[in-house]
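Asker: sequence? don't have it. structure:
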């Protein structure tokens, strides 16, 4: 066994001693626990709860999700494998970061953001760290999959009959002629292709990663 593998094994052994257990979060009385380890990088229950409290993935998972914490955890795992294994260094523009922070403030209200920061023992810079990782992930995805995806006429015809027409009829609306909505259909097909490519790429990165998700770890100790 080489030195790198020995170091990796030692770290995982030490982490395993804490997996599933709880510990006091530094600087507060909040009880925390490890919920996942991604290539030796830890995700805690508090990480998930912070992302949930500030709605960092509200758009992605939707408001009606039955188990939002599980979905948030999967998003955090995806972020880590992409940032760790993509080999790309991303610098986040301070102005863009502040814009994202402002959107959270506008949605929740400044007083509520302050209350939640206090609850988790955070300050604004700590919250920026969470946003910075999410934005780095989004930047990598956007740059990698922004290339054009050609769409054939056959694909447009199939999409029109398979997706567009049934949806319109279900709404009780007369479907528009295909030639009048070519751009809309083409855009929808491209988005589907990009989404599938992203999912395949992330699954490939996950297959190359050492990911441990702790069963029952998302159950809040509070």
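Answerer: Great, that's in hand. All figures in this text were calculated on a predicted structure; none of them were measured in a lab. Residues are numbered from 1 along each chain as shown.

Asker: can you pull the phi and psi angles for residue 212?
Answerer: Here is the backbone geometry of residue 212 (degrees, to the nearest 10): phi -120, psi 120.

Asker: what's the neighbour count on the residue nearest to it when sequence neighbours are not counted?
Answerer: Take residue 212 and drop its neighbours on the chain: the residue closest to it by Cβ to Cβ, 6 or more residues apart in numbering is residue 37, 4.5 Å away. No exception for glycine: its C-beta is placed from N, CA and C like everyone else's. When neighbours are defined as other Cβ atoms under 10 Å, residue 37 has 22 of them.

Asker: where's residue 37, which helix or strand?
Answerer: strand 31-38 (DSSP states H and E).

Asker: which strands border that strand, and is each parallel or antiparallel?
Answerer: Counting by DSSP bridges, the strands paired with strand 31-38 are strand 22-24 (antiparallel), strand 41-44 (antiparallel), strand 211-213 (antiparallel).

Asker: out of these, flag the one nearest residue 151.
Answerer: Nearest to residue 151, of all these, is strand 211-213, at 34.5 Å by Cβ to Cβ.

Asker: quick one: contacts for the residue sitting nearest the centre point of the chain?
Answerer: For the chain, the residue nearest the mean C-alpha position is residue 75 (3.0 Å; Cα atoms, centre = their mean). Under the criterion of Cβ atoms under 8 Å, 6 or more residues apart in numbering, the contact list for residue 75 reads 51, 57, 60, 61.

Asker: ok, so of those, who is nearest residue 80?
Answerer: Using Cβ to Cβ, these come closest to residue 80 at residue 51, 12.7 Å.

Asker: now the closest one: how far from residue 87?
Answerer: Noted for residue 51: a distance of 25 Å to residue 87, by Cβ to Cβ, to the nearest Å.

Asker: can you redo the strands paired with strand 31-38 as JSON lines with distance to residue 83?
Answerer: Formatted as JSON lines, these follow (distance: least, Cβ to Cβ, whole Å):
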{"stretch": "strand 22-24", "distance to residue 83": "25"}
{"stretch": "strand 41-44", "distance to residue 83": "9"}
{"stretch": "strand 211-213", "distance to residue 83": "14"}
